[in-house]
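Peer 1: With the input below, show me the fold.
(one chain, ligands or ions: 3)
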Amino acid sequence: MSEPRKLYVRSFGCQMNVYDAQRMTDTLAREGYVETETPDDADLVILNTCHIREKAAEKVYSELGRLKKAQEEAGRRQMIAVAGCVAQAEGAEIIKRARAVDLVVGPQSYHKLPELIAQAEARGSNRRAGIVETEFPLEDKFDFLPAPTPAAIARRGPTAFVTVQEGCDKFCTFCVVPYTRGAEVSRPLAKILDEVIRLAEGGVREVTLIGQNVNAYHGIDSTGGAANLAELVRRVAQVPGIARVRYTTSHPRDMDDELIAAHRDMPALMPYLHLPVQSGSNRILAAMNRRHDRELFFDIVERVRAARPDTAFSSDFIVGFPGETDEDFADTLDLVAKVGFASAFSFKYSPRPGTPAASLEAQLPEDVKSARIHALQALLDRQKAAFDEACRGKRFDILLEKPGRFPGQLIGRSPYLQSVVVEAPKEAIGTLARVEIREVSTKSLAGDILDGEFFSARPAGESRLIGQDEIVGEKLEA
Ligand code: SAH
Ligand code: SF4
Ligand code: F3S
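Peer 2: Numbers count the residues shown, from 1 in each chain. Ligands and ions are numbered 1, 2, ... in the order given. Model prediction:
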C-alpha cells in the first residue's frame with residue numbers, strides 16, 4: 001500500500017475558519033490524507049485565511065514566502081492551496097503575487113476540494129496555470145461535506161463548533177464579510193441536529209453554534225416553517241450528552257425577546273454573551289451602518305441581565321473609524337465603563353478594499369488610533385482583571401478539556417470561557433467538575449474539585465450530579 005498523503009491546514013481569523021478547517025480535513029480524509037502537525041512533511045498545505053484587517057490579510061503572503069523558502073531549501077515539492085476569505089476576496093491575484101500557490105478556493109467551494117486538487121495535480125509544475133475557484137455555487141456545500149469520523153471527533157476533544165448560519169446581509173461600512181462570505185444562509189434545523197447528535201455520540205459535551213450573524217438564524221424546520229436561534233438552542237440543548245451550548249457572533253439588532261428568554265429558561269445556555277458593539281458613539285454607529293444606537297445596546301444588556309443575572313458580556317470594538325472625534329471616543333469609553341465587560345477584543349480601524357468606509361476622506365492618523373486603542377485596552381484589561389478577581393472563591397462547573405502542563409493536571413473552561421487548571425485524572429476529560437476557584441492570574445484560574453464531584457452530561461442538557469461509582473463509562477478517582 002502506498003504511504004498516506006499528509007495534510008497540514010493552518011487557520012487564521014475567526015471560529016468559522018476553525019470549523020471549516022475541520023470540514024476540509026474530513027473531506028480530504030476520504031481521499032486518503034492524514035493530518036500532520038507541521039508544514040515540513042506535508043504533501044498538501046492549506047492556508048485558511050482571513051481578510052478582516054490588513055494585517056490579517058498580509059499574513060498569508062508572509063506565510064507563503066516562508067513555505068516557498070522551506071521548499072527550496074529542502075528541494076521538495078508540496079501542493080499549496082489558499083482557502084478562506086483572502087482566497088475569496090483576492091482570487092487570481094494571489095497566484096500572480098505568490099507563484100508558489102497551486103490552488104485558490106473560496107469558502108463556498110470546499111466540497112469541491114478533491115476535484116480541484118486532482119486538476120491542480122494534472123497541471124503538474126505549471127503553476128502559472130493555478131486553479132481558482134471562487135464562485136458562489138448554487139448547491140449547498142454542507143450537503144456534500146462529509147461528517148467527521150468518531151476518531152476525528154474524539155481527537156478534537158469535548159468542545160465543538162458547528163456552523164449554523166453563514167454570510168452577512170448587514171453591510172457595516174467597515175467590513176469585508178458580506179463580500180467574502182456572501183449573503184446570509186441558515187442551515188436546516190434537522191441537519192444541524194444530526195451533526196450535533198453525531199458529535200455528542202463521539203464525546204462532545206459543549207457545542208458553540210457559529211455564524212457571522214448567528215442570531216439572525218432562521219433555518220427551515222420539519223414543518224417547513226423557520227426556526228429561530230432560541231428554538232435551535234433549545235433543540236441542541238436537548239441532545240443527550242450535550243451539557244453546554246453557546247452561540248457567536250450576534251448582532252444587537254437581532255437579539256429578540258425569545259432569545260433573551262432562552263437565557264433565563266435554559267441552564268445549558270452559558271451565561272456568557274459575546275455581543276459586538278464596535279463604538280459607543282451614536283454618530284459613529286450610524287456612520288458604520290450598525291443600524292442601532294448605544295441605547296439599544298444598554299437595553300439588551302439590562303434585559304439579558306434581568307433574565308439571567310450571572311451573565312457576563314464580551315464585545316468587539318473598533319477605534320479610529322473615519323471621522324471619530326475625541327468626543328466619540330469618549331462615548332466608547334463611557335459605554336465600556338457603564339456596561340463592564342468580562343473580556344473584549346478591540347481593533348484599530350483598518351480600511352478594507354471595496355468597503356464604503358475605506359473611501360471616506362476623514363481617515364485618522366495612525367498615532368491617534370494607537371493612543372485610543374491603548375486607552376481602551378487599558379480600561380478593558382482592568383475590567384477583565386476585576387471580573388477574574390471576583391471569581392476567586394466562587395464555585396463553577398468546569399468542563400475538563402485537556403491535559404495541563406504538569407502531570408496530574410487538567411485544563412477546563414468555566415462558563416465564562418476562562419481556562420481553569422485543576423488536579424484530576426486524565427480519564428476525567430470530557431466531564432464537568434464542580435470547582436472552587438482558588439487562584440487568579442492574567443492567563444488562567446486555578447481551582448479545587450469539590451470532593452469528587454464529577455458530572456455526566458445527561459439527560460436533556462442539564463448536568464446531573466452522579467455518584468462517584470456510577471460515572472459514565474469509567475470510574476474516576478478524585
Ligand atoms: N459578525 C460579527 C464580527 C465580524 S468580524 C459582528 O457583526 O460584529 C470581527 C470583528 O472584527 C468585528 O466585530 C470588528 O470589531 C472587527 N473588524 C471588522 N472589520 C474591521 C476593520 N475594517 N477594521 C478593524 N476591525 C474590524
Ligand atoms: Fe461585518 Fe457587520 Fe456583518 Fe458583522 S454584521 S459580519 S461586522 S457586516
Ligand atoms: Fe476573517 Fe473571514 Fe472570519 S474575513 S474573521 S475569516 S469570516
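Peer 1: didn't residue 218 look like it was pressed against residue 225?
Peer 2: No. Using CB atoms under 8 Å, residue 218 makes no contact with residue 225, being 9.4 Å away. C-beta: built from backbone N, CA, C; applies to glycine.
Peer 1: Name the residue in those two with the higher neighbour count.
Peer 2: A direct count of neighbours by other CB atoms under 10 Å for residue 218 and residue 225 places residue 218 higher, at 17 against 10.
Peer 1: where's that one relative to ligand 3, distance?
Peer 2: Going from residue 218 to ligand 3 by CB to the nearest ligand atom, to the nearest Å gives 20 Å.
Peer 1: Report the beta-bridge partner residues of that residue.
Peer 2: residue 228 (DSSP bridges).
Peer 1: mind listing the helices for the stretch 1-150 of the chain?
Peer 2: Assigned by DSSP state H, counting those that start in this stretch, the stretch 1-150 of the chain shows helices spanning 15-29, 54-74, 84-90, 92-97, 113-122, 150-156.
Peer 1: What residues sit buried inside the least confident helix or strand in the chain by mean pLDDT?
Peer 2: In the chain, the helix or strand scored least confidently by mean pLDDT, DSSP states H and E is strand 445-455, which has a mean of 84. Neighbour-count burial for strand 445-455 flags 445-447, 449, 453-455 (criterion: 16 or more other CB atoms under 10 Å).
Peer 1: Max pairwise distance over those residues: which two?
Peer 2: Put simply, by CB to CB the two of these set farthest apart are 446 and 455, 19.7 Å from each other.
Peer 1: Could you check the pLDDT of the closest residue to ligand 1 within the stretch 51-200 of the chain?
Peer 2: The stretch 51-200 of the chain approaches ligand 1 most closely through residue 174 (4.0 Å), counting by CB to the nearest ligand atom. Per-residue confidence (pLDDT) for residue 174: 98.
Peer 1: Now residue 389: closest residue in space, sequence neighbours ignored.
Peer 2: Excluding the flanking residues, the one nearest residue 389 by CB to CB, 6 or more residues apart in numbering is residue 440, at 5.6 Å.
Peer 1: Identify the residues contacting that neighbour.
Peer 2: 388-389, 391-392 (CB atoms under 8 Å, 6 or more residues apart in numbering).
Peer 1: Need phi/psi at it.
Peer 2: phi -130, psi 120 (degrees, to the nearest 10).
Peer 1: now do residue 316
Peer 2: Torsion angles, degrees, to the nearest 10, at residue 316: phi -120, psi 140.
Peer 1: Would you mind measuring from the residue nearest to residue 191 when sequence neighbours are not counted to residue 164?
Peer 2: Spatial nearest neighbour of residue 191, chain neighbours left out: residue 142 (6.6 Å); criterion: CB to CB, 6+ apart. For residue 142, the distance to residue 164 equals 10 Å [CB to CB, to the nearest Å].
Peer 1: who has more neighbours, the two?
Peer 2: Neighbour count, other CB under 10 Å: between residue 142 and residue 164, residue 164 has more, with 26 against 17.
Peer 1: In contact with the closest residue to ligand 3 within the stretch 201-350 of the chain, which residues are there?
Peer 2: Residue of the stretch 201-350 of the chain nearest ligand 3, by CB to the nearest ligand atom: residue 212 (5.9 Å). Neighbouring residues of residue 212 by CB under 8 Å, 6+ apart: 16, 165-168, 177, 181, 184, 249.
Peer 1: Give me the spatial nearest neighbour of it, chain neighbours excluded.
Peer 2: residue 168 (4.5 Å).
Peer 1: ok, that neighbour touching residue 215?
Peer 2: No. Using CB under 8 Å, residue 168 is not in contact with residue 215; the gap is 11.9 Å.
Peer 1: Contact residues of the stretch 351-478 of the chain facing ligand 1?
Peer 2: residue 352 (CB under 6 Å from any ligand atom).
Peer 1: What is the neighbour count of the residue of the stretch 351-478 of the chain found nearest ligand 2?
Peer 2: Nearest residue of the stretch 351-478 of the chain to ligand 2 (CB to the nearest ligand atom) works out as residue 355 at 8.9 Å. Neighbour count for residue 355, taken as other CB under 10 Å: 19.
Peer 1: what's the answer for residue 10, then?
Peer 2: By the criterion of other CB under 10 Å, residue 10 has 16 neighbours.
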